[in-house]
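Student: With the sequence up front, the predicted model follows.
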Amino acid sequence: MQELICATSSVSFNSLPSSPVNHTFYDNTRFTFRFLRNKHIASFPCMRAQQSEATDGSAINIASDDSKVDALDIKESKVKNSQIDIAATQGIKIRRRPPTGPPLHHVGPFEFRLQNEGNTPRNILEEIVWNKDTEVAQMREKKPLGSLKKATDIAAPPRDFIGALKASSEKTGMPALIAEVKKASPSRGVLREDFDPVEIAKAYEKGGAACLSVLTDAKYFQGSFENLEAIRNAGVKCPLLCKEFIVDAWQLYYARAKGADAVLLIAAILQDLDIKYMTKICKMIGLTVLVEVHDENEMDRVLEIDGIQLIGINNRNLETFEVDISNTKKLLEGERGEKIRQKGIIVVGESGLFTPADVAYVQEAGVKAILVGESLVKLEDPTKGIALLFGKDISE
Ligand SMILES: O=C(O)c1ccccc1NCC(=O)[C@H](O)[C@H](O)COP(=O)(O)O
């Protein structure tokens, strides 16, 4: 990584002035960079901008004269607009960042930005994603991609997530269970006060879960990467899905380094190119990808992407929080269902499954696996909860 100083006529902060400007944006070549815009402060060491390595190994050169930085401004605005255009053509309604950016503020000669002022997220997913963007930028500061890649190289080898799902559904004749280690959620609040992630994970495994899903988002789900690591290190054999809101390829490496075997990519927040690009990275580092869709448009987009083996249909409407399991059936009907079968894609029914009748309903619709949190985690004994959910013991 190279270090350089950019000097221009104004300074812009994304966070507080003590941290350097953090302009992160994406284009098709996927680079990330940070730069400063003030001659007066650029000489302070903490105000140095770093040239950043792209996730694909390429880098961008940023020169230090005003005209080049102006050109970057123009490029940034063009990229931003083209990203918005692409998202619109793909029917993506979730905005990845506040639309006008954080508003500018002035203190003396300095100009800086405050997050979120004047920009209100339209729904919970948008709010989560905007927060995640900031959170990931801060995490990247602490653990740059270079050191993270080394950590993924020495992580325990990934386990076969899809193999475990297939083996379980073949054995039981029922959808394989991905049981979710979920303490809380935006829609339901705290689900379980006496929350011991390792104990719950072991109870799920004992009850016959094929794989586990571990929520790692702290702010909205009270999850953590410590939980993921603890479960992995406790000798639980079920492959682990890192249930995160992935907005940056850096998170894929982080998840793998922390012991994940699979990750969730949410079509509602990622453009097709993001999904393709992240899927390639996942393949490279041994992560299985579960792509989550909510509606027909997202399903159709994902079916056009090569190499997708696992699609989750989420029954939760993220604007209203309403759960309707007929969503799974709707998305598997007709030509769509036929295409899915032809491609050999495994479909996972997600959210709102509480009874054997619910499980039978989504199985009839065509799912080979289900992802269940609330109805299991709330029960005193999650092992028994699994037998209750399936209407029989699936651990044998
Ligand atoms: O669970 C929520 O309230 C929620 C809100 C916003 C975004 C995602 C959310 N849930 C993530 C999930 O996909 C579920 O945890 C998972 O499908 C299990 O659902 P459930 O069995 O209904 O707990």
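Tutor: Ah, there it is. Residues are numbered from 1 along each chain as shown.
Student: This structure against the ligand: which residues are in contact?
Tutor: The chain comes close to the ligand at residues 124-125, 180, 182, 185-188, 314, 316, 318, 350-353, 371-375, as judged by Cβ under 6 Å from any ligand atom. Every C-beta, even on glycine, is put in place using the N, C-alpha and C of the backbone.
Student: Apply 8 Å and report the result again.
Tutor: Contacts of the chain with the ligand, taken as Cβ under 8 Å from any ligand atom, map to 124-125, 128, 180, 182, 185-188, 191, 213, 215, 220-221, 243, 264, 292, 312, 314-316, 318, 321, 323, 350-353, 371-377.
Student: quick one: which of the residues you listed sit in strands?
Tutor: Using DSSP state E, the subset of these located in strands is Glu180, Ser185, Ser213, Leu215, Lys243, Leu264, Glu292, Gly312, Asn314, Glu350, Leu371, Val372.
Student: Point me to the residue sitting farthest from the middle of the chain.
Tutor: Gly108 (39.3 Å; Cα atoms, centre = their mean).
Student: My guess is Ile128 contacts Tyr220. True?
Tutor: Yes - the criterion here is Cβ atoms under 8 Å, and Ile128 meets it with Tyr220 at 5.6 Å.
Student: ok so Pro158 is a strand residue?
Tutor: No - counting by DSSP: H, G, I helix; E, B strand; the rest coil, Pro158 falls outside a strand, being coil.
Student: separation between it and Val107?
Tutor: Distance, Pro158 to Val107, by Cβ to Cβ, to the nearest Å: 48 Å.
Student: Out of the two, name the residue with the larger neighbour count.
Tutor: Pro158 (19 against 10; other Cβ atoms under 10 Å).
Student: That one reaches Val263, doesn't it?
Tutor: No - contact criterion Cβ under 8 Å: Pro158 and Val263 do not qualify, at 10.6 Å.
Student: Touching both of the two, which residues are there?
Tutor: Common contacts of Pro158 and Val263, defined by Cβ atoms under 8 Å, 6 or more residues apart in numbering, comprise Leu287, Thr288.
Student: quick one on the thing from earlier: highest neighbour count among the ones in strands among the residues of the chain next to the ligand?
Tutor: When those are compared by neighbour count (other Cβ under 10 Å), Glu350 ends up highest, at 30 neighbours.
Student: just to revisit the earlier point, include pLDDT when you put the ones in strands among the residues of the chain next to the ligand into CSV, please.
Tutor: Below are these laid out as CSV (pLDDT from 0 to 100):
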residue, pLDDT
Glu180, 98
Ser185, 95
Ser213, 98
Leu215, 98
Lys243, 98
Leu264, 98
Glu292, 98
Gly312, 98
Asn314, 98
Glu350, 98
Leu371, 98
Val372, 98
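Student: Next, give me the two most distant ones among those residues.
Tutor: Ser185 and Gly312 (16.1 Å; Cβ to Cβ).
Student: where does the chain dip in pLDDT?
Tutor: Applying pLDDT under 70 to the chain picks out residues 1-84, 100-106, 111-118.
Student: which stretches of it form helices?
Tutor: According to DSSP state H, the chain carries its helices in the segments 66-89, 124-142, 145-154, 161-172, 197-207, 225-233, 250-257, 272-285, 296-303, 326-331, 334-343, 356-365, 374-377, 382-390.
Student: Dump those to TSV, plus mean neighbour count and distance to Glu396.
Tutor: Shown next, in TSV, are these (neighbours: other Cβ atoms under 10 Å; distance: least, Cβ to Cβ, whole Å):
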stretch	mean neighbour count	distance to Glu396
helix 66-89	14	47
helix 124-142	18	39
helix 145-154	14	36
helix 161-172	18	9
helix 197-207	21	11
helix 225-233	19	23
helix 250-257	24	32
helix 272-285	18	33
helix 296-303	18	35
helix 326-331	21	27
helix 334-343	13	29
helix 356-365	17	17
helix 374-377	22	18
helix 382-390	20	11
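Student: Can you lay out these as a markdown table showing distance to Pro99?
Tutor: Shown next, in a markdown table, are those (distance: least, Cβ to Cβ, whole Å):
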| stretch | distance to Pro99 |
| --- | --- |
| helix 66-89 | 8 |
| helix 124-142 | 10 |
| helix 145-154 | 28 |
| helix 161-172 | 36 |
| helix 197-207 | 37 |
| helix 225-233 | 30 |
| helix 250-257 | 23 |
| helix 272-285 | 19 |
| helix 296-303 | 21 |
| helix 326-331 | 28 |
| helix 334-343 | 32 |
| helix 356-365 | 37 |
| helix 374-377 | 33 |
| helix 382-390 | 42 |
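Student: right, and the ones you listed - which one's nearest Pro98?
Tutor: It is, among those and with distance given as Cβ to Cβ, helix 124-142, at 6.3 Å.
Student: Find the nearest non-adjacent residue to Gly366, please.
Tutor: Nearest non-adjacent residue to Gly366, counting by Cβ to Cβ, 6 or more residues apart in numbering: Leu332, 4.3 Å away.
Student: so what's the spatially closest residue to Ala151 that is not a sequence neighbour up against?
Tutor: Leaving aside its sequence neighbours, Ala151 sits nearest to Ala257 (Cβ to Cβ, 6+ apart; 3.9 Å). When contacts are counted by Cβ under 8 Å, 6+ apart, Ala257 touches Leu148, Ala151, Thr152, Ala155.
Student: ok, so of those residues, who is nearest Ala249?
Tutor: Checking the contacts of Ala257 one by one against Ala249 (Cβ to Cβ), the nearest turns out to be Leu148, at 10.5 Å.
Student: what's the distance between the closest one and the ligand?
Tutor: 25 Å (Cβ to the nearest ligand atom, to the nearest Å).
Student: Can you name the residues that contact that residue?
Tutor: Trp250, Tyr253, Tyr254, Ala257.
Student: just checking, the third one touches Thr216?
Tutor: Translated: Tyr254. No - Tyr254 lies out of contact with Thr216 (Cβ under 8 Å); the separation is 9.2 Å.
Student: between these two, what contacts are shared?
Tutor: Shared contacts of Tyr254 and Thr216, defined by Cβ under 8 Å, 6+ apart, comprise Phe225.
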